[in-house]
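Asker: Structure here, sequence nowhere to be found:
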Ligand SMILES: [Zn+2]
């Protein structure tokens, strides 16, 4: 059965995810289903909260984009097709001191039709485990860094609308309220 994507303002989106401690076949299957659901929705990232589970795991796949970004995975530079789609369990982000920030437009599968500029550091390092529990370290910039920060936020119960400038958030308020109302009616 395909996972269902929950929309704002389903309360699960505000829950901090529990750490993944068991990397068994069921967890690998859940991660595979998240990837499948992300692809169906034509998204580039999806967090567990968005499919109704408050757990520290998200998936990312930028192969369908034209985005250029620099990256180093476990000290090497494997071709994108070899490490994407990615499963990031228990991701821990670090941003080097002095890293510049940049505004860029983001969307979110839990906010259909709502998009807006969000300011974020342009480069990150993330330590995470894959679906089998193997540890990895990835340093990256560009859309990959932005996407991982957006998904990492979800795992803490933080949404992209929380990081928008007040003026933009106010401009989108009507659409955001309408979405919340629609979600309530459906649940
Ligand atoms: Zn999102």
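Answerer: Received, thanks. If you're wondering where the values come from, they're calculated on a predicted model, not measured in any experiment. Residues are numbered from 1 along each chain as shown.
Asker: The longest strand along the chain: partners in the sheet, and parallel or antiparallel?
Answerer: For the chain, the longest strand by residue count, based on DSSP state E, is strand 86-94. In the sheet, strand 86-94 lines up against strand 57-60 (antiparallel), strand 123-129 (antiparallel) (DSSP bridges).
Asker: Let me have those in JSON lines, extended by mean neighbour count and mean pLDDT.
Answerer: Yep, even glycine has a C-beta here, placed from its N, CA and C like the rest. Converted to JSON lines, those look like this (neighbours: other CB atoms under 10 Å; pLDDT from 0 to 100):
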{"stretch": "strand 57-60", "mean neighbour count": "27", "mean pLDDT": "98"}
{"stretch": "strand 123-129", "mean neighbour count": "19", "mean pLDDT": "98"}
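Asker: Mind putting these into CSV with distance to residue 47?
Answerer: Output for these, formatted as CSV (distance: least, CB to CB, whole Å):
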stretch, distance to residue 47
strand 57-60, 4
strand 123-129, 13
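Asker: For the protein, which segments count as helices?
Answerer: Using DSSP state H, the helices assigned to the chain run over residues 25-40, 80-83, 142-155, 166-171, 173-186.
Asker: Would you tell me which of the ones you listed gets closest to residue 101?
Answerer: The closest of those to residue 101 is helix 142-155. By CB to CB, the value is 10.7 Å.
Asker: just to revisit the earlier point, of all the strands paired with strand 86-94, which lies closest to residue 106?
Answerer: Using CB to CB, the nearest of the strands paired with strand 86-94 to residue 106 is strand 57-60, at 13.6 Å.
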